[in-house]
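Build the 3D model from these lines:
(2 chains)
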Amino acid sequence: MKINTDPEKIEKVLNRGVEDVFVKESLKKKLLSGRQLRVKIGIDPTGPKIHLGRAAALRKLRQFQDLGHQVILIVGDFTAMIGDPSDKLEKRPMLSEKEIKANMKNYKIQLGKIIDLKKTEFEYNSRWLKKLNAMEITNLAESFSVSQMSNRRNFKDRLEKREEVSLREFLYPLFQGYDSVIMKADIEIGGFDQLFNLKAGRIVQKHYKMPQQDILTVEMLEGTDGRKMSTSWGNVITIADEPSDMFGKIMSVRDDLVPKYFRLCTDISESEILKDKNPRDLKIKLAYEIVKIYHGEKAAQEAQKSFTKIFQKKEIPEDLPEIIAHKGEFLSDVLVRGKIVKSKNDFGRLIKEGAIINLSIMEKLQTTSYKLQTNLTLRIGKKRFVKIVV
RNA sequence: GCGCAGGUGACAGAGUGGUCAAUUGUACCUGGCUGUAAACCAGGCGGCCUUCGGCCUACGCAGGUUCGAAUCCUGCCCUGCGCACCA
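Down below sits the predicted model:
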């Protein structure tokens, strides 16, 4: 495999969407050397879907792959059971082996949309971490001092607030670092929230008298509401989202985040981004590009078409969710059953607010005790559509 | 183990016998304005019913006192802090 050492390309890899590189000069030298490097990334199979924030790090990995370097994907099946303390307000619950397996099922398909799986080395870190005995763990633990560990931002904060910090959480960075030892990693990539864990890799490698990996962190991507993208916040856009859904979610991202989204989620150049002055049009372009990456050109066109149709021309979408109902059934029951509304109370509120519209006659539904006789197409609020088939 | 403080709705955090389905902020939902953006304004935000009303379930868990408990008592579980010497 030929290694690409084009300085211009390397510059781009080292800068676009990158928060921090440690140690930059060392990494640059490695990349220019022409040697094939071992580039590691860890994925925590804690959620079944990859969101755009995680995808950003994986895209960075892809860039290394394109330069000809060896990409190593560590599935943190063991560490996921411990729970990563990074930037968590609370400690995470431990995941069972079963849950992890379920999460990993669709993972590879999603990964395949970003990186070249054929050229990727896959490893499950339980393979070696499971076997560590007490003596070896003790030795590993020697690499860190307590003050180093407790100076970590989120440990420190929690300790100051007199919240619980489990000793177990201290183990996480150690194990992640140990992965780097086993894998002989030259570089490790991760989100900026991973900074401590990545640096831990350097410390642990040093402890085992190995050359230290350089680390590269990508910027954190905020979710649709401007807060950090996180599954537990429900503000995520995942790469497995349906095209129209994905398109819509991207359109609801705050304007000021659009350049960042371009930087982290697309290959569009900065100069091209600046061409479009209208923020809405720019965002449409962004949505189009991202949908194109994960679902193809055709899906992107269709998503855009249906978006303009629904929200700019206010038409009814073509394929809306359907619920089967019986004749004479209460509408409220059907909607609760179909999980369109939370409860009958919720339904009652929406009626009172005039939020439910019968699209065939374009009238607001007035009564909570509406009984179904024929098919019915409804719009609830601005973005919920549903068709009820009797 | 002993002592002290604490455990309240998605989260933060009030409330210390009835007026508490529980103040407030955030998040969320709806309407207005819009570009399914932001900001802003208004309303809502446990469940069920025949809904200007009624019922059920909820303030760590289990009991108790009381006409009445998130609030008082007892036990249990969980969290934080303190518990060498000297004084």
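
For the nearest residue to residue A:331 once chain neighbours are set aside, grab the count of nearby residues.
Leaving aside its sequence neighbours, residue A:331 sits nearest to residue A:370 (CB to CB, 6 or more residues apart in numbering; 4.2 Å). Where you see a C-beta, it was placed from the backbone N, CA and C, and this is true even at glycine. As a burial measure, residue A:370 scores 18 neighbours (other CB atoms under 10 Å).

Residue A:370: what's it in contact with?
Each residue near residue A:370 by CB atoms under 8 Å, 6 or more residues apart in numbering is listed here: A:330, A:331, A:332.

What subset of these is buried?
A:330, A:331, A:332 (16 or more other CB atoms under 10 Å).

How much space separates the residue nearest to residue A:331 from residue A:70?
The spacing between residue A:370 and residue A:70, counted by CB to CB, to the nearest Å, is 62 Å.

Any idea which residue of the stretch 201-350 of chain A lies closest to RNA strand B?
Here the stretch 201-350 of chain A gets closest to RNA strand B at one residue, residue A:248, 2.1 Å apart by CB to the nearest atom of the strand.

Go over the secondary structure and confirm residue A:288 is in a helix.
Yes - Residue A:288 forms part of a helix when assessed by DSSP: H, G, I helix; E, B strand; the rest coil.

so how many other residues sit close to the nearest residue in space to it that is not next to it in sequence?
Leaving aside its chain neighbours, residue A:288 sits nearest to residue A:300 (5.0 Å; criterion: CB to CB, 6+ apart). Neighbourhood size, residue A:300 [other CB under 10 Å]: 21.

contacting residues around residue A:300?
Going by CB under 8 Å, 6+ apart, residue A:300 touches A:243, A:247, A:288, A:289, A:291, A:292.

mind checking pLDDT for the residue nearest to residue A:331?
Confidence at residue A:370, expressed as pLDDT, is 85.

What of residue A:231?
pLDDT at residue A:231 comes out at 68.

ok, now residue A:208?
95.

Would you mind confirming that it makes contact with residue A:181?
Yes - the criterion here is CB atoms under 8 Å, and residue A:208 meets it with residue A:181 at 4.9 Å.

Does residue A:66 touch residue A:4 like I think?
Yes - Residue A:66 is within contact range of residue A:4, at 7.5 Å (criterion: CB under 8 Å).

Residue ranges in the stretch 51-200 of chain A under the pLDDT threshold?
Across the stretch 51-200 of chain A, the ranges flagged by pLDDT under 70 are A:81-97, A:99.
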